[in-house]
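A.B. asks: Below is the structure, and that's it, no one-letter string:
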């Protein structure tokens, strides 16, 4: 299955305010998803890819560092799976 990555305007704005290494980590994750697929990337423990619950049900998060994470959702249109990055934030643990 082919994967396509889309970053929302909200996430782009948030990315402009984070340290450069966070943006680079997200772009590396995104290009890896496009190259080898989501199933393989989810096997990498460092990303801590996990489904979210509650009002965020249907969305997933991936860790970009100990403090930052990206929130995304998968949309399957039949021809490809769109990975929509909807938020990048500093997560309170």
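C.D. replies: In hand now; what should we look at? Just so we're clear, the structure is a prediction, and the values are computed from it rather than from any experiment. Residues are numbered from 1 along each chain as shown.

A.B. asks: can we go C-alpha only for contacts and neighbour counts from here?
C.D. replies: Will do.

A.B. asks: what about the strands in this structure?
C.D. replies: 2-7, 50-51, 60-63, 68-76, 80-90 (DSSP state E).

A.B. asks: just so I know, which of those strands lies nearest residue 17?
C.D. replies: Smallest distance to residue 17 across those (C-alpha to C-alpha): 9.8 Å, for strand 80-90.

A.B. asks: low-scoring stretches of the chain, by residue?
C.D. replies: Where the chain drops to pLDDT under 70, the residues are 92-93.

A.B. asks: if you set the cut-off to 50 instead, what comes out?
C.D. replies: The model of the chain has no residue with pLDDT under 50.

A.B. asks: sorry, back to before: in a markdown table: the strands of the chain, plus distance to residue 21 and mean neighbour count.
C.D. replies: Below are the strands of the chain laid out as a markdown table (distance: least, C-alpha to C-alpha, whole Å; neighbours: other C-alpha atoms under 10 Å):
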| stretch | distance to residue 21 | mean neighbour count |
| --- | --- | --- |
| strand 2-7 | 17 | 16 |
| strand 50-51 | 22 | 14 |
| strand 60-63 | 13 | 20 |
| strand 68-76 | 11 | 18 |
| strand 80-90 | 13 | 19 |
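
A.B. asks: Out of those strands, which is closest to residue 43?
C.D. replies: Closest approach to residue 43 among the strands of the chain (C-alpha to C-alpha): strand 50-51, 11.0 Å.
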